[in-house]
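Asker: what's the 3D shape of this:
(chains A and B)
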Amino acid sequence: MSVTRRDFLIGSVALAAGTAVTAPFLLPKYHYDQRPKRSRVAVLHAEQYSQKLDHHLSAGLRLFPIDVTGRTVVLKPNLVDYIPGDAINTHPLLVLAAAESFRRLGAKSVLVAEGPGHQRDTQLVLSQSGYEQCLRDEKIRFIDLNRDELIRTPLRAGYTGMKDLWLPRTVLEADFLVSMPKIKAHHWSGVTLSMKNMFGVVPGARYGWPKNILHWKGIQESILDLCASVPIHFVIADGIVAMEGNGPLNGTPRTLGKLVLADDPVAADATCARLMGFHPERVSHIREGSRFLGNTSPTLIDQVGETVASPTIPFGVVPEFRYLQPL
Amino acid sequence: MRTVTTDAIALSNVLAELALRQLPCGGWAALASSSQPAIEPTCYAALALGSMPLGDIERAQDFLLRTQNPNGSWPVVPGDDQEGGWVTSLAVMALRDLVPAIPARLQGLHWLLNCSGKESNWFWKWKFRTADRHVRFDPDKYGWPWFPDTVSWVVPTSFAILALNQVPCSCGGLERIPVRIDCGIQMLFDRACPGGGWNAGNGVVYGCPMGPHVDDTAIALLALSDQGQHPVVQGAMHYLEGVAPTLTAPWSLAWSILALAAHRRPIASLHDSLSALSDLSSTEDTGTLAMVCLALDYSRALSAFGVIV
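Answerer: As a prediction, this is how the structure comes out:
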């Protein structure tokens, strides 16, 4: 069979067009591989919220080679809204315990920063959820990330297609950012853990309440772009009383009795997912995050503290996320 | 309604603090510790200072005129993308009394008329009717988004209604104002929480009724000040009257005072509570500080928002 010049040209054009169409789907959407060689996760047993959390957490932090001497530590809890009796927010006593622990470790300053995703009146959420009094008593400064100074920040991954986001100066300039999620099932993303907790850094004053652009661009994709662009240095996840079902607001409180500490958010979230009775690799942002942000494989995670045991009955989820549970 | 005596000392203290926070560029930053001017706090501050012999209102107005986008909208902060956002309604209201700003306001109003929630498009309407039904709402009833290319929400819709209601006539390319206002009002009714009041705009999610927020409810009620007989408005009033006396957060308390005053409800005790809050002048959030000024001088504030009582 002879190939004419015309056939060759048509073939070349077709090949170029095919490459142009398929390449975006085949090329990685992250720009940097940020995975540590090994990750460390500690699961601590904690039965209740009390002043004893301080010593408990300090002991847990000693399991990690953390050096925050002379550095600014920003604690980013999950503070969404307040509904009496619900386990929506990271408990303020855990945040206080973390602040005390990092101060003892030599931090230059410890700030608490959050941009509630549903409530525009941040002071009202702080007051109703018990944060205001705690922070005032312990002289801990709070920064409202919904209204902090904005810096246009290029995104270091391309899952959403967005080139940049306006993000708060406090978070971008933090020496040591600690994501402190509440362990919850979530009706849009399956779970909300340390990575999803970063939605709170997206400023409401710019993007609205709730942070609707992230929903339109894809929740799982937005989580990945955010976590690639705003590195989480440490995780302290509140699973003492967690939430199952229709989270993040209207789920059911579920006692888990655990704190999860980690130096890798992907490893932390994979561990939390296992504690909830889910397959971590079925949560798409955890699975994709394991390609460039952190580790999920137990062979790459140094597990300290308690062993990770899945519950007899997995956490409840809305029907769309039943696939997270074991078959 | 019992007449409220303005606590002159409380008001003059917060006004003085507000004037002190004005930046050299003429605008205000969102937080006291910040030097980045932002449109939202600047608009509240300009409305609060109004004709007061404090601060430099002309410099504030110049700042707003300088920061308008070429398409007539306003950015959230100077230097932001030029597509515009929800603060356009606030800027249009803050420039209300400035004659040289009429062309800029007209551009802003045209931008508002051309901006609508994404659900106004047939494709998204169809998607919300068929495939995406976890949040209960009627996509035929749309208002305004926080910024273009997203769906309608309660607060931007309420501010847009307030801004458009200030236009004295629907002519010169503004003929669609009554239709857009009516559609926005229907959207607010549709998005109310089943138990009364509003949150950001999700009344029922996954079949679960969601709770209202004080400020969202108050801002919507301000926009619906001429709809007092509607059952949704009455339900929201009932919620707000119940919760407002328990509030100690100045932002929500201030908006509650304005909303209840707009609906001719008693506000004397709320006004006293707001005046009596300690450390008002040290409030970190400058938008809150300006709202406190507006609530303590609520008659003038209602006029600034174009609400006739």
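Asker: point to the residue nearest the middle of the chain.
Answerer: This is for chain A. A:Met195 (1.9 Å; CA atoms, centre = their mean).
Asker: near chain B, which residues of chain A are found?
Answerer: When proximity is defined by CB under 8 Å from any CB of the partner chain, chain A lies next to chain B at A:83, A:118-124, A:127, A:144, A:147-150, A:152, A:166, A:187, A:205-210, A:212-213, A:216, A:246, A:249-250, A:318. Backbone N, C-alpha and C define where each C-beta goes, glycine included.
Asker: filter those down to just the ones in helices.
Answerer: Among the residues of chain A next to chain B, the ones falling in helices (DSSP state H) are A:122-124, A:127, A:205-207, A:212-213, A:216.
Asker: re earlier: who's in contact with the residue nearest to the centre of chain A?
Answerer: Listed by CB atoms under 8 Å, 6 or more residues apart in numbering or on different chains, the contact partners of A:Met195 are A:179, A:223-224, A:226-227, A:232, A:265-266, A:269, A:285-286, A:289, A:293.
Asker: which residue does the stretch 101-250 of chain B bring closest to chain A?
Answerer: B:Trp146 (2.8 Å; CB to the nearest CB).
Asker: contacting residues around that residue?
Answerer: B:Trp146 neighbours (CB under 8 Å, 6+ apart): A:207-209, A:212, B:85-86, B:153, B:155-156.
Asker: can you give me the helices in the stretch 1-150 of chain A?
Answerer: Assigned helices in the stretch 1-150 of chain A, in chain order: A:5-26, A:53-61, A:92-104, A:122-128, A:131-137 (criterion: DSSP state H, counting those that start in this stretch).
Asker: which of the contacts of A:Met195 has the most neighbours?
Answerer: A:Asp269 (35 neighbours; other CB atoms under 10 Å in any protein chain shown).
Asker: would you mind listing what in the stretch 151-300 of chain B touches chain A?
Answerer: Residues of the stretch 151-300 of chain B lying near chain A by CB under 8 Å from any CB: B:151, B:153, B:155-156, B:199-200, B:202, B:205-206, B:208, B:210-211, B:213-216, B:247-252, B:284-285, B:287-288.
Asker: now list the buried members of the residues you listed.
Answerer: B:151, B:153, B:155-156, B:199-200, B:202, B:205-206, B:210-211, B:213-216, B:247, B:249-252, B:284-285, B:287-288 (16 or more other CB atoms under 10 Å in any protein chain shown).
Asker: quick revisit: select from the contacts of B:Trp146 the entry with the lowest predicted confidence.
Answerer: Lowest pLDDT among the contacts of B:Trp146: A:Asn212, with 84.
Asker: residues in contact with the closest residue to that one other than its chain neighbours?
Answerer: In space, A:Asn212 comes closest to B:Thr150 once its chain neighbours are excluded; the distance is 4.6 Å by CB to CB, 6 or more residues apart in numbering or on different chains. Going by CB under 8 Å, 6+ apart, B:Thr150 touches A:208, A:212-213, A:216, B:117-118.
Asker: go again using 6 Å as the cut-off
Answerer: B:Thr150 is in contact with A:212, A:216, B:118, counting by CB atoms under 6 Å, 6 or more residues apart in numbering or on different chains.
Asker: with A:Phe278 instead?
Answerer: A:Leu324.
Asker: is B:Asp190 in contact with B:Lys141, as I believe?
Answerer: Yes. Contact criterion CB atoms under 6 Å: B:Asp190 and B:Lys141 qualify, at 4.5 Å.
Asker: which residues in the chain form strands?
Answerer: The chain I'm using is chain A. Ranges of strands in chain A, per DSSP state E, are A:39-45, A:72-77, A:109-114, A:141-144, A:150-154, A:164-168, A:176-180, A:182-186, A:190-192, A:234-244, A:252-262, A:301-305.
Asker: please refer instead to chain B.
Answerer: Under DSSP E, chain B gives strands at B:28-29, B:37-38, B:204-205, B:208-209.
Asker: hey, which of these is tucked in deepest?
Answerer: strand B:28-29 (a mean of 26; mean count of other CB atoms under 10 Å in any protein chain shown).
Asker: can you pull out the residues in contact with it?
Answerer: By CB under 6 Å, 6+ apart, strand B:28-29 touches B:21, B:35-37, B:41-42, B:45, B:286.
Asker: show me how to select, in ChimeraX, the buried members of those residues.
Answerer: Of these, the buried ones go into a single ChimeraX selection, burial set by 16+ other CB under 10 Å:
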select /B:21,36,37,41,42,45,286
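Asker: in helices, which of the contacts of strand B:28-29 fall?
Answerer: B:41-42, B:45, B:286.
Asker: burial measure for residue 138, as a count.
Answerer: As the question left the chain open, I've gone with chain A. A:Glu138: 14 neighbours (other CB under 10 Å).
Asker: wrong one, chain B
Answerer: Around B:Asp138 there are 15 residues (other CB under 10 Å).
Asker: now it: closest residue in space, sequence neighbours ignored.
Answerer: Using CB to CB, 6+ apart and skipping residues adjacent in sequence, the residue nearest B:Asp138 is B:Asp190, 4.9 Å away.
Asker: can you pull the contacts of that neighbour?
Answerer: Counted by CB under 6 Å, 6+ apart, B:Asp190 has contacts B:137-138, B:141.
Asker: low-confidence ranges, the chain, go.
Answerer: Reading this off chain A. Along chain A, segments meeting pLDDT under 70 span A:1-2, A:19-26, A:327.
Asker: chain B, not that one
Answerer: B:1-6, B:51, B:54-55.
Asker: can you tell me which residues in the stretch 1-150 of chain B are near chain A?
Answerer: B:30-31, B:34, B:36, B:76-77, B:146, B:150 (CB under 6 Å from any CB of the partner chain).
Asker: still on that earlier bit, just the buried ones among the residues of chain A next to chain B, please.
Answerer: Applying 16+ other CB under 10 Å to the residues of chain A next to chain B flags A:118-124, A:127, A:144, A:147-150, A:166, A:187, A:205-210, A:212-213, A:246, A:249-250, A:318 as buried.
Asker: sorry, back to before: including distance to A:Ile236, could the contacts of B:Asp190 go into CSV?
Answerer: Listed next are the contacts of B:Asp190 as CSV, based on distance: CB to CB, whole Å:
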residue, distance to A:Ile236
B:Phe137, 37
B:Asp138, 43
B:Lys141, 43
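Asker: which one of those is nearest B:Gly195?
Answerer: Compare each of the contacts of B:Asp190 with B:Gly195 using CB to CB and the shortest gap goes to B:Phe137, at 16.4 Å.
Asker: quick one: which of the strands of chain A is nearest B:Asp279?
Answerer: Among those, strand A:141-144 comes nearest to B:Asp279, with 14.8 Å by CB to CB.
Asker: and that closest one, which strands flank it?
Answerer: Its sheet considered, strand A:141-144 pairs with strand A:109-114 (parallel) by DSSP bridges.
Asker: hey, C-alpha coordinates of the partner strand in CSV?
Answerer: Once non-C-alpha atoms are left out, strand A:109-114 reads as follows in CSV (Å, rounded to 0.1, in the frame of the first residue of the first chain):
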residue,chain,number,x,y,z
SER,A,109,2.7,33.3,68.0
VAL,A,110,-0.4,31.1,67.7
LEU,A,111,-3.4,32.4,65.8
VAL,A,112,-6.8,30.8,65.2
ALA,A,113,-8.2,31.6,61.7
GLU,A,114,-11.3,30.5,59.9
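Asker: in it, what counts as buried?
Answerer: If you call a residue buried by 16+ other CB under 10 Å, then strand A:109-114 has these buried ones: A:110-114.
Asker: how far does it sit from its chain's centre?
Answerer: In this view, strand A:109-114 has its centroid 16 Å away from the chain centroid, taken as CA atoms, centre = their mean, to the nearest Å.
Asker: isn't A:Met71 right up against A:Ala174?
Answerer: No, residue A:71 isn't Met; it's Arg. No. If you go by CB under 6 Å, A:Arg71 and A:Ala174 don't touch, sitting 8.6 Å apart.
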